[in-house]
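# Got a sequence here, can you model it:
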Amino acid sequence: MIIATWNVNSIRARLPRVTDWLAKVRPDVLCMQETKVTDEEFPREEIEALGYRLETYGQPTYNGVAIASLHEMEEVARGLPEDDDDSQRRVIEATVKGVRIVNVYVPNGQAPGTEAYEMKLQWLATLCAALEEFYYPSDDLVLLGDMNIAPEDRDVHDPEALRGKIHVSEPERAALRSLIDALRQKNQDDGVYTWWDYRMAMFRRGLGYRIDLILVTPPLSERLLGVTVDRDERAQEKPSDHAPVIATFA
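Numbering: from 1, shown residues only. Below is the predicted model:
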């Protein structure tokens, strides 16, 4: 079973890239973030034509998440428990072939010490509380998406220059430690990144962050065959600033 995550940075702007990638890679499930479109305006037909089912949770211009699956999706849920109609669209989850998939787009947080940073920490606390309430460590659970957090110093290109800044602060990192980082179960290399700023030729220079993560419970960790980052997709014309991350399970 192949499960992938990809911050597409606008599904309408990136639709040709997404459909080409789906046709080539054919993951069982693709979780997308920053779709930046309402559910009514999501370009469903092009993705459904490839055999994928779609569940979306979007808003105009900002945020938005979606799941595309080759298989039936059950028990679809949208948002955090305390969300209302005015909440940002950042969470969608579904069960696919017995695996609970929780797709998230974590707030950026701007900078430590700001109101946005405190809101990010509160959002993460709410997410973690919901996971603890509704799921058990023995469940087949995947939490994945654009976490806007680099778990370790080796997940950023210049840890000393970035120390204490957004994405790498200790309170952010601590929020993710209850689940297993799938990539690090199989790959201990430095310099494995998933996001490169469009500015200053950061991708060409190899200066990135690993902030798109696939986190799993112990049963799925035992079934994990491998995790890869599709850097080739980031090198294409008019790419997202994020690369897809792909996990394969037995």
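# Please, where are all the helices along this structure?
Secondary structure of the chain, counting by DSSP state H: helices at 11-25, 44-48, 115-134, 159-162, 170-174, 182-186, 202-205, 218-223, 231-234.
# Please identify the deepest-packed of those.
For the helices of the chain, ranked by mean neighbour count under the definition mean count of other C-beta atoms under 10 Å, the leader is helix 182-186 at a mean of 19. Any C-beta I mention is one placed from the backbone N, CA and C, and that applies to glycine too.
# mean confidence for that one?
Per-residue confidence for helix 182-186 averages out to 97 on the pLDDT scale.
# and the gap between Leu70 and Arg14?
20 Å (C-beta to C-beta, to the nearest Å).
# quick one: contacts for Ser240?
With contacts defined as C-beta atoms under 8 Å, 6 or more residues apart in numbering, Ser240 is in contact with Trp6, Asn7, Val8, Asn9, Arg14, Arg17, Glu233, Arg234.
# Adding pLDDT, write those out as CSV.
Converted to CSV, the contacts of Ser240 look like this (pLDDT from 0 to 100):
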residue, pLDDT
Trp6, 99
Asn7, 98
Val8, 98
Asn9, 98
Arg14, 98
Arg17, 98
Glu233, 98
Arg234, 97
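# Go through those and say which is closest to Glu222.
Each of the contacts of Ser240 was scored against Glu222 by C-beta to C-beta, and Trp6 proved nearest at 25.2 Å.
# returning to what we had before: so which of the helices of the chain gets nearest Ala94?
helix 115-134 (13.6 Å).
# which residues does Arg14 contact?
Arg14 sits in contact with Val8, Lys238, Pro239, Ser240, where contact means C-beta under 8 Å, 6+ apart.
# Now the buried members of those.
Neighbour-count burial (16 or more other C-beta atoms under 10 Å) applied to the contacts of Arg14 gives Val8, Pro239, Ser240.
# got a list of what the second one touches?
So that's Pro239. Going by C-beta under 8 Å, 6+ apart, Pro239 touches Arg14, Arg17, Glu233.
# Nearest to Gly79 among those residues?
For Gly79, the closest of the contacts of Pro239 turns out to be Arg14, at 23.6 Å, with distances computed as C-beta to C-beta.
# What distance do you get for that closest one to Asp39?
Applying C-beta to C-beta, the value for Arg14 to Asp39 is 17 Å.
# now swap in Pro239 and tell me
25 Å.
# Tell me where this structure is predicted with low confidence.
Applying pLDDT under 70 to the chain flags no residue at all.
# center of the chain, which residue is that?
Gly145 (1.1 Å; C-alpha atoms, centre = their mean).
# Assess the claim that that one and Asp212 are in contact.
Yes. A contact is recorded between Gly145 and Asp212 when judged using C-beta atoms under 8 Å, the distance being 7.1 Å.
# what's the neighbour count on the nearest residue to Asp190 once chain neighbours are set aside?
In space, Asp190 comes closest to Arg154 once its chain neighbours are excluded; the distance is 4.6 Å by C-beta to C-beta, 6 or more residues apart in numbering. Residues near Arg154, counting by other C-beta atoms under 10 Å, number 15.
# looking at it, Arg154 is touching Tyr193, isn't it?
No. Using C-beta under 8 Å, Arg154 makes no contact with Tyr193, being 10.2 Å away.
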